[in-house]
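1. Test case, fold it:
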Amino acid sequence: MNCEVCQLKELEVEHFEIREVLRCILHTIVFHRALGLVRPKDIDLELFDITYVQCGDIEVEKKIDEKIEQFVSWVEKHPNKKSEICLSFYEVKSKHPSWFTNKIERLDWEQWHINLNVTQHPKPKAHSGKSHHSKIVVDPGESASEERSVRRASLEVSLREVLFQIIKFVNEKKDHVPPITESVIYFPYEIHIPRKFL
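-> Okay, here's the model as predicted:
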């Protein structure tokens, strides 16, 4: 069985944007790979003018939020590092069952690589004058605020591109999806977060 891989466009995000960006991307992928009856739930992002759809399943939300929190913890320990989250869909098959053993193997059939470059927004710097005792904090003013809003608008455009990339991939790549069994709403999936420096 072949495993299709989708490498999503890299996004440059600030720490406070991680949760919202990842929720949007992960829920969009899971929603588009849901099989059975789901209760779609529209979610409006707070930081961006984007609405995405969740499956409306509390267990899915919990699993995704748990992995996002693990990722945020990893980012806090490894600041200013590019990182990748991988969402893998798989099926479980028995591998050559015999009288004494029943080995089960996991076969990935699709992987989604979400690349984030988490940046720290520069804080205002303190400048010292002639005296060693006086420090003046310079307010970054409107230029920093303007720079941040330009960066935020650029991220919003990039996030939209990623969402369209997901939709295009799921609509074009269908041959590798395993046959659907009865009463299955979701294919099994796993979200991998970084374990070391990248």
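
2. From here on, just use CA atoms for contacts and neighbour counts.
-> Will do.

3. On the three-state scheme, the most centrally placed residue in the chain is what?
-> Of all residues in the chain, the one closest to the mean position by C-alpha atoms, centre = their mean is Leu22, 3.4 Å from it. Using DSSP: H, G, I helix; E, B strand; the rest coil, the structure places Leu22 in helix.

4. residues touching the spatially closest residue to it that is not a sequence neighbour, list them.
-> Using C-alpha to C-alpha, 6 or more residues apart in numbering and skipping the chain neighbours, the partner closest in space to Leu22 is Ile68 (7.0 Å). Contact analysis of Ile68 by C-alpha atoms under 8 Å, 6 or more residues apart in numbering lists Arg19, Leu22, Arg23.

5. the helices in this protein, which residues?
-> 18-32, 58-77, 141-172 (DSSP state H).

6. Check those for me and report the most buried one.
-> helix 18-32 (a mean of 19; mean count of other C-alpha atoms under 10 Å).

7. Turn the helices of the chain into CSV, including mean pLDDT and distance to Leu107.
-> Compiled in CSV, the helices of the chain are given as follows (pLDDT from 0 to 100; distance: least, C-alpha to C-alpha, whole Å):
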stretch, mean pLDDT, distance to Leu107
helix 18-32, 94, 18
helix 58-77, 92, 21
helix 141-172, 88, 19
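
8. Let me have these in CSV, adding distance to Val118 as columns.
-> As requested, those are exported to CSV (distance: least, C-alpha to C-alpha, whole Å):
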stretch, distance to Val118
helix 18-32, 8
helix 58-77, 8
helix 141-172, 12
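
9. for those, which one sits closest to Leu116?
-> helix 18-32 (8.5 Å; C-alpha to C-alpha).

10. chain center to that closest one: distance?
-> On the basis of C-alpha atoms, centre = their mean, to the nearest Å, helix 18-32 sits 6 Å off its chain's mean C-alpha point.

11. tally of neighbours for Glu91?
-> When neighbours are counted by other C-alpha atoms under 10 Å, Glu91 registers 16.

12. partner residues bridging it?
-> Leu107 (DSSP bridges).

13. Relative to Phe187, how far out is it?
-> Counting by C-alpha to C-alpha, to the nearest Å, the gap from Glu91 to Phe187 is 7 Å.

14. cool, Ala34 as well?
-> Relative to Phe187, Ala34 is positioned 7 Å away (C-alpha to C-alpha).

15. again, but for Gln7
-> Taken as C-alpha to C-alpha, the span from Gln7 to Phe187 is 20 Å.

16. Looking at these two, which one has more neighbours?
-> Set Gln7 next to Phe187 and count neighbours by other C-alpha under 10 Å: Phe187 wins out with 19 against 16.

17. wouldn't the more buried one be in contact with Phe89 here?
-> Yes: the criterion here is C-alpha atoms under 8 Å, and Phe187 meets it with Phe89 at 6.5 Å.
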